[in-house]
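In: Kindly generate the corresponding structure for this input.
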Amino acid sequence: MKYLPIKFHITYIIFTLLFSFFGPREYLNYEKTLVAFFIAIYLLSVSIGFYLGYNSKLHITSHTDNKDLIFKIFKYSLLTSITLIIINMFYQSMQGRLNLNIFEMGKNYTNYYEYYYEKKETAQFSIELLLLITTAIPKFISLCLGFFLFESLRRKYKYYFILFIILIILSQTVSGGNQKSLGDIFIIGSIAATIRLYKINARKRRKIISAIATAFIILFLIFSYSQYSRLDARDISASDINNYMAAYSSFNVDHPIFSLLGDKMGLGVSAFITGYLSGGYYGLSQCLTLPFEWTYGIGNSVALSSFTELLFSTNIYEQTYLYRMEETFGIPGKRAWHTIFPWLASDVSFFGIPPLFVMISYFYGKSWKEVIIYKNPISLLLFSLLSILFIFVVANNQILHGYDYLLITFFVITIYIFKHKKFNIK
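Out: Just a heads-up that it's a prediction; the model follows:
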């Protein structure tokens, strides 16, 4: 149990890397050996950091129980989140953009992002951005503490929390075609379920593991269908998918995945895994061949670089590995995901990635220990945030990518630094 998160992460990274090497999507001039060596160093770094963090000495307090305070924080966060989500749904409905037809998620996704970029280019995205920022922190707190406290909640608040989850799925996943929100629910819910594995008998443990595995399979199928739906909305099928692909990559439609799953399901699964979980390693391989240019601690985040450009009219993004990769190799830096590493390396270089992740995984291991031993709710927030970071390592710098998670990250780190020790209660 104590090393479960890092064992899962290592398995996950190895699987996605092998799928990138031997999956249905093929790439031009893929530096596989270079990527494999870099990932091996990365996995060693996170393993060392997690081990040191988990085995570090913890500060233990004898303060009185803080359950009432934590419940109040959860209650007000939950009610605030529900209210803001309903306001957002009402606004979307007034704009004619609320579509709750689950079979049109692909169309909804396409329509929403066409609208999003149109508004962004004309600087008219203020209401959506305001709602996104305002909801971010209470929504994250509600998700983490809701799953964590669910069994001890009064029936009324259990119903409120279930309503909260349904509203997120309807407003973001169904109407907006956004898979990220559903992924967050699964990740944070799985963390709460995994915490229960500690100090329970083998029979109950097997039931929880089976429930998590079942939820994972369902989520995987939903994501795959969503990818197929997006392609189908654009009249793209497996037989002509390569007509729409960039010159540097193509799908091998004779791959066993298409033979086993058929054209439709095979295309959905292939698009999901290569688009989100394994395709980023190719962009990483190209970035690894480029020289380092420092981006002043800002280039790692889309939100930070956009904010800096707005304030100082300085385009930091043009110095990042992602932009220079696009200029050199013609591979889009933002349209596709290329792992977290080029983002972070723009500020610390690729040589700085291993020590950086030793530090990050140190707090990952430490917060995990504080959660499973002391049920520390503040450490739970940090562990959940870092779990999202590690899940999205294969994609991008998710916890600093948008304004919402940028705010959440600064909030969680701040509250962890100043308050977490008070909740390691004997």
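In: bridging residues for the nearest residue to Met245 once chain neighbours are set aside?
Out: Nearest residue to Met245 in three dimensions, chain neighbours excluded: Phe251, at 6.9 Å (CB to CB, 6 or more residues apart in numbering). All C-beta atoms are positioned from the backbone trio N, CA, C, and that covers glycine. In this entry, Phe251 is beta-bridged to Arg25, by DSSP bridges.
In: What about Phe251, how many residues nearby?
Out: 21 (other CB atoms under 10 Å).
In: what sits against the residue nearest to Leu219 when sequence neighbours are not counted?
Out: Closest residue to Leu219 apart from its sequence neighbours, by CB to CB, 6+ apart: Phe186 at 5.1 Å. Neighbour list for Phe186: 215-216, 219 [criterion: CB atoms under 8 Å, 6 or more residues apart in numbering].
In: same deal with Ile82?
Out: Ile82 touches 160, 163-164, 167, counting by CB under 8 Å, 6+ apart.
In: Helices of the stretch 51-200 of the chain, residue ranges please.
Out: Assigned by DSSP state H, counting those that start in this stretch, the stretch 51-200 of the chain shows helices spanning 67-94, 105-121, 126-149, 155-168, 179-195.
In: So what's the residue count around Arg292?
Out: Actually, residue 292 is Phe rather than Arg. 14.
In: How about the secondary structure of it?
Out: The local conformation at Phe292, judged by DSSP: H, G, I helix; E, B strand; the rest coil, is coil.
In: Give me the distance between it and Phe38.
Out: 14 Å (CB to CB, to the nearest Å).
In: cool, Gly280 as well?
Out: For Gly280 relative to Phe38 (CB to CB), the value is 13 Å.
In: Specify which residue of the two has the higher count of neighbours.
Out: Between Gly280 and Phe38, counted using other CB under 10 Å, Gly280 has the larger neighbour count: 25 against 20.
In: Local confidence estimate at the more buried one?
Out: Here, the pLDDT recorded for Gly280 equals 93.
In: Surely it is in contact with His338?
Out: Yes: the pair formed by Gly280 and His338 meets the contact definition of CB atoms under 8 Å, at 4.7 Å.
In: Check the contact lists of the two and give me the overlap.
Out: In contact with both Gly280 and His338: Asn396, using CB under 8 Å, 6+ apart.
In: Where does pLDDT dip in the stretch 101-250 of the chain?
Out: 102-126, 177, 199, 201-202, 238-239 (pLDDT under 70).
In: try it again with 80
Out: Along the stretch 101-250 of the chain, the model assigns pLDDT under 80 to residues 101-129, 132, 173, 175-180, 197-209, 212, 219-223, 225-247.
In: quick one on the thing from earlier: which of the contacts of Ile82 tops the neighbour count?
Out: Phe164 (22 neighbours).
In: Leaving out the residues flanking it, which one is nearest to that residue?
Out: Closest to Phe164 by CB to CB, 6+ apart is Ile82, at 5.4 Å.
In: Would you mind listing the buried residues in stretch 241-260?
Out: Within stretch 241-260, the residues scored as buried using 16 or more other CB atoms under 10 Å are 241, 248-251, 253, 255, 257-258.
In: In the lengthiest helix in the chain, which of the residues would be classed as buried?
Out: Criterion DSSP state H: the longest helix present in the chain is helix 202-233. Neighbour-count burial for helix 202-233, counted by 16+ other CB under 10 Å, picks out 208, 212, 219, 222-233.
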